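A.B. asks: return atomic coordinates for the entry below.
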Amino acid sequence: MFFNQKAATWDETVAEKDAAKLQRISQRLEIQPGSTVLDVGTGTGVFLPFILKKVGNRGRLVALDIAEEMLKRARAKGFRENIAYLQADIATPPLYDEVFDAVVCYSSFPHFQNKAAALKETHRVLKKGGRLFICHTSSRKEINDIHRQIPLLTNDLLPGEGEMAEMLSAAGFAGVEVYDGDGSYFASARKPEVG
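C.D. replies: Numbers count the residues shown, from 1 in each chain. Next comes the predicted model:
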């Protein structure tokens, strides 16, 4: 698997190193202290400190990734005790219904091989009123241009704004908002309170 092969050098060669960009993205996450959050596509854990800051000491975080070697790198960073690590595919996660207050997909959504199933499962594990955040520290064009240059990732693309909104709506989400600008991409949606 591509990501297992890259895990050892990911932080030095690929991961976002600009802490200010990561901080700016994290400020857009509407996550309350004490929340239970699922981080999908945790990778080596680059974004975990920012989510942990949001949930605080009373919150809980489940770090999910399909790539075992990536999760090993994240676990080795020794984050606080309120993190559980889970190797799984978000299209078939072994998680109960309506557990999470928020789901974060930082720099991972383009790599979901079955995006419709991933969104459906994300919706299932969110509590009513829970929020989904899909975020990147680059624009959609920048991300897609990079992926098109890597043979194993040429189909790992962020959909256009209209297609993303349709996918989120089809999965049952409401309140869809998509921002795609210079230096960042941020989509958010909410699981309706009723339904």
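
A.B. asks: what ranges do the strands span in the chain?
C.D. replies: Assigned by DSSP state E, the chain shows strands spanning 36-40, 60-65, 83-87, 100-106, 126-136, 174-181, 184-190.

A.B. asks: to Ile150, which of the ones you listed lies closest?
C.D. replies: strand 126-136 (15.8 Å; Cβ to Cβ). C-betas here are computed from N, CA, C, even on glycine.

A.B. asks: neighbouring contacts of that closest one?
C.D. replies: 25, 28-31, 98-107, 109, 119, 122-123, 143, 158, 164, 168, 173, 184-194 (Cβ atoms under 8 Å, 6 or more residues apart in numbering).

A.B. asks: still on that earlier bit, can I get the strands of the chain in a markdown table with distance to Ala19, mean pLDDT and mean neighbour count?
C.D. replies: Listed next are the strands of the chain as a markdown table, based on distance: least, Cβ to Cβ, whole Å; pLDDT from 0 to 100; neighbours: other Cβ atoms under 10 Å:
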| stretch | distance to Ala19 | mean pLDDT | mean neighbour count |
| --- | --- | --- | --- |
| strand 36-40 | 18 | 98 | 25 |
| strand 60-65 | 19 | 97 | 23 |
| strand 83-87 | 20 | 96 | 17 |
| strand 100-106 | 14 | 98 | 25 |
| strand 126-136 | 15 | 97 | 21 |
| strand 174-181 | 20 | 94 | 14 |
| strand 184-190 | 14 | 96 | 22 |
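
A.B. asks: just send those strands back as CSV, with distance to Ile150 too.
C.D. replies: Converted to CSV, the strands of the chain look like this (distance: least, Cβ to Cβ, whole Å):
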stretch, distance to Ile150
strand 36-40, 21
strand 60-65, 19
strand 83-87, 23
strand 100-106, 19
strand 126-136, 16
strand 174-181, 21
strand 184-190, 18
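
A.B. asks: between the ones you listed, which one is nearest to Leu152?
C.D. replies: strand 60-65 (16.8 Å).

A.B. asks: right, I'll leave it there.
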